[in-house]
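Undergrad: Pasting a predicted model and its sequence here:
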Amino acid sequence: MKILAVNAGSSSMKFQLFEMPEEKVLVSSTFERIGLDKSFYSIKVNDEKTKKEAVLLNHEDAVRLFLKDLLDNKIINDLNEISCVGHRIVHGADKYNKSVLIDDEVISDIEKCIPLAPLHNPAGILGIRAIKEALPKAQNVAIFDTAFHQSMEDVAYLYPVPYEWYTNYGVRRYGFHGTSHQYISNRISSILGTDKFKAIICHLGNGASITAVENGKCVETSMGITPVAGIPMGTRCGDIDPSIVEYVMRTSGKTIDEVMTDLNKKSGLLGVSGVSSDSRDIEEAIASGNTRAFLAHNIYIRKITSFIASYYCILGGADVIAFTAGIGENSIDTRKDIMNALKPLGVVIDEEANKVRSVERLISDKDSKIKCYIIPTNEELMMAREAYELSK
Ligand code: AMP
């Protein structure tokens, strides 16, 4: 059975076609600059990647072109072979604690969450509509970034603000990257050979979040009502004193939108270093003696350490700390600095084992009280599994 995983952004669309249940990737493809000039896409079949220019006026163009390439490359002979499509949806608020088959009510609920995810949820709907038009017979499944975190209790998801903000406006912690955290949690369970474990999962990519997981269920997560909260990220600030917003508005004359753009797009590693949001550039700048890049890295490490230490106490210990996503899988120095900062918890790094990128591996010493792993994430596979289960 062929299952398509679709991740629609406001100006991009990513596709992966799987043969299920074998979990074989048949094609992966990314369309970029949709609705802009110089749009292009890449398509990878059998490890061979080709990049092509194309006019992509909207998401329908991307879907049409992708499906045409599938037929032209004889990956499928008929569009009806794609029986189910899994769509990544960023915000499902507290209505969805698992993936669901998409009907009109689900689409309307995703629309209702637009104020909570103004950039992401409209893109998700565009993706669903484009697929429904091109593949009218396929089933569609929504996989929510927020769903995995719905197991949090009120003590974790409520903010200490007037309770009516929660009841009247839905102000609470939702958490994101749920598909990735769920995938890593499942991997940890397989590695340990048990579903009884306590783990702290560090999804460190351009966006980043940390989750405390007990027996496969999310107990705490660092992102909040939106993905700007928690640890510092490539360009996002993470947790800050909320009065900073008002103070900067008053003193600089910036509007609320400008300040929020600064906190979302000009903060984090980029904001502090003034160099880049990309940790590879930060590492290069540190090597050439850039002190602000070093400071940005140190703030990053300190905030991550404090989240992990706090989750260690909340969980009452931890069996595993897992590193995943772009930085977690690839940055040897970031992992090393975090693990060294966690020595008081009994973490002991295996320096040699840590010198790898993008492979699943134990990187803590045999004497470490907590096992630390690199576990590459695979959100698309998780989506395909969810879609496959529901389509059955
Ligand atoms: P993601 O959002 O998961 O795709 O992660 C993207 C981030 O991973 C990039 O912005 C980089 O900061 C980081 N990254 C990717 N490769 C490396 C690498 N080899 N070393 C350090 N950081 C990396």
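TA: Received the coordinates, thanks. On a predicted model such as this, the values are computed, not experimentally measured, just so you know.

Undergrad: Tell me how far the nearest residue to residue 141 once chain neighbours are set aside lies from the ligand.
TA: Once flanking residues are discounted, residue 141 sits nearest to residue 387: 4.3 Å by C-beta to C-beta, 6 or more residues apart in numbering. Just so you know, the C-beta spots here come from the backbone N, C-alpha and C atoms, and that holds for glycine as well. To the ligand, residue 387 is 22 Å away according to C-beta to the nearest ligand atom, to the nearest Å.

Undergrad: Number of residues surrounding residue 387?
TA: Per other C-beta atoms under 10 Å, the neighbour tally for residue 387 reads 30.

Undergrad: Could I get the contacting residues of it?
TA: 3, 5, 84-86, 99, 139, 141, 143 (C-beta atoms under 8 Å, 6 or more residues apart in numbering).

Undergrad: separation between it and residue 301?
TA: 37 Å (C-beta to C-beta, to the nearest Å).

Undergrad: Repeat that for residue 353.
TA: Distance, residue 353 to residue 301, using C-beta to C-beta: 20 Å.

Undergrad: who has more neighbours, the two?
TA: Using other C-beta under 10 Å as the criterion, residue 353 and residue 301 rank with residue 301 on top: 19 against 15.

Undergrad: what packs against the top helix by length along the chain?
TA: If you go by DSSP state H, the chain has its longest helix at helix 291-315. Secondary-structure packing of helix 291-315 (3 or more C-beta pairs under 8 Å, 6 or more residues apart in numbering; DSSP states H and E): strand 198-204, strand 208-214, strand 217-221, helix 268-273, helix 279-287, helix 332-341.

Undergrad: in it, what counts as buried?
TA: Using 16 or more other C-beta atoms under 10 Å as the test for burial, helix 291-315 gives 293-294, 296-297, 299-301, 303-305, 307-308, 311-312, 314-315.

Undergrad: And it, how far out from the chain middle?
TA: The chain centre lies 19 Å from the centre of helix 291-315; the measure is C-alpha atoms, centre = their mean, to the nearest Å.

Undergrad: Quick check: pLDDT value at the residue of the stretch 151-300 of the chain found nearest the ligand.
TA: As assessed by C-beta to the nearest ligand atom, the ligand sits closest to residue 205 within the stretch 151-300 of the chain, at 2.5 Å. Reading off the confidence values, residue 205 has pLDDT 95.

Undergrad: Equivalent analysis for residue 119, please.
TA: pLDDT at residue 119 comes out at 82.
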